[in-house]
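In: based on what follows, work out the 3D shape:
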Amino acid sequence: MRWTVAKASWLTVVLQPIGRVDPELLDLLSRGVELKVPGSSCMAAERELPPPAWAYDPWRRQYLSPAILRALRELYGSKPHDLKVLGVADLDAYTPGLNFVFGEAEPLEGYAAIYLARLKLDVDGGPVERRVFAERCLKEAVHELGHTLGLGHCSNPTCVMRFSNSIVEVDYKTSDLCARCRARLLASLSAAVEAEG
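Out: As a prediction, the model looks like this:
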């Protein structure tokens, strides 16, 4: 597969739907990522990736997140360093050692995924307003992309890079990088651009 990276930006982000994902949500995420991730250009892939059956654990009724990330790697193969792939899956997922994850990233590979199932629910398990759901999705998208760009977890409780162990913590943080994380990201991106050019 050949890739064209938008040169007006420092990096290109592809949103890869995994299974059926609302196109309107993908559009909102695409615009939101461009606003929140400095120097990014974001687009949604035209075709969805079917959730791999071998990633599903019927006992847990969840998908294994590292297996989803593996499926993304297999789909995209070799890609430019300045292209990041974010899977968007309307699924519930887990990773070994955790009951569930809102998202996960492979920082060195440039792949990440977010899982929407728990972002749709309030603390009592009922549905949340569409606006709240969209905000949560953007926070998790920016968080996981931050990992693919070299950012770790942040101790600032309102920074988008703060680790969220519950939906309450997702709601508390913003979709913005704190000043320290933003400075780190800009320095990293600037160094990458200088190295290439």
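
In: the nearest residue in space to Leu83 that is not next to it in sequence pairs with what?
Out: With sequence-adjacent residues excluded and distances taken as C-beta to C-beta, 6 or more residues apart in numbering, Leu83 is closest to Thr12, at 5.0 Å. Using the backbone N, CA and C atoms, a C-beta is placed for each residue, glycine as well. Under the criterion DSSP bridges, Thr12 forms beta bridges with Ser41, Leu83.

In: tell me, what's the model's pLDDT at Thr12?
Out: For Thr12, the model assigns a pLDDT of 94.

In: for Ala67, same thing?
Out: 97.

In: and the residue nearest to Leu83, how far from Arg20?
Out: Distance, Thr12 to Arg20, by C-beta to C-beta, to the nearest Å: 24 Å.

In: what helix or strand does Arg73 sit in?
Out: helix 65-76 (DSSP states H and E).

In: can you check the pLDDT for the most centrally placed residue in the chain?
Out: Geometric centre of the chain, nearest residue: Ala141, 3.4 Å, by C-alpha atoms, centre = their mean. With respect to pLDDT, Ala141 scores 98.

In: that one touches Leu29, doesn't it?
Out: Yes - contact status for Ala141 versus Leu29: in contact at 5.4 Å, counting by C-beta atoms under 8 Å.

In: overlap in contacts of these two?
Out: Both Ala141 and Leu29 are in contact with 15, 88, where contact means C-beta atoms under 8 Å, 6 or more residues apart in numbering.

In: rewinding a little: neighbour count winner among Thr12 and Arg20?
Out: The neighbour count for Thr12 versus Arg20, taken as other C-beta atoms under 10 Å, is higher for Thr12 (20 against 11).

In: roughly how far apart are that one and Ser65?
Out: According to C-beta to C-beta, Thr12 stands 23 Å off from Ser65.

In: in this protein, which helix or strand is least confident?
Out: With mean pLDDT, DSSP states H and E as the measure, the helix or strand of the chain carrying the lowest mean pLDDT is helix 179-196 (a mean of 80).

In: for the nearest residue to Gly19 once chain neighbours are set aside, list the residues it contacts.
Out: Leaving aside its chain neighbours, Gly19 sits nearest to Pro51 (4.8 Å; criterion: C-beta to C-beta, 6+ apart). Neighbour list for Pro51: 18-19, 63, 68, 89, 91 [criterion: C-beta under 8 Å, 6+ apart].

In: can you give me the buried ones in stretch 179-188?
Out: Neighbour counts over stretch 179-188 (16 or more other C-beta atoms under 10 Å) mark 181-182, 184-185 as buried.

In: okay, Arg131 and Ser166: tell me how far apart.
Out: Distance, Arg131 to Ser166, by C-beta to C-beta: 20 Å.

In: which of those two has more neighbours?
Out: Shown here are Arg131 and Ser166; by other C-beta under 10 Å, Ser166 has more neighbours (11 against 8).

In: thank you kindly, that will do.
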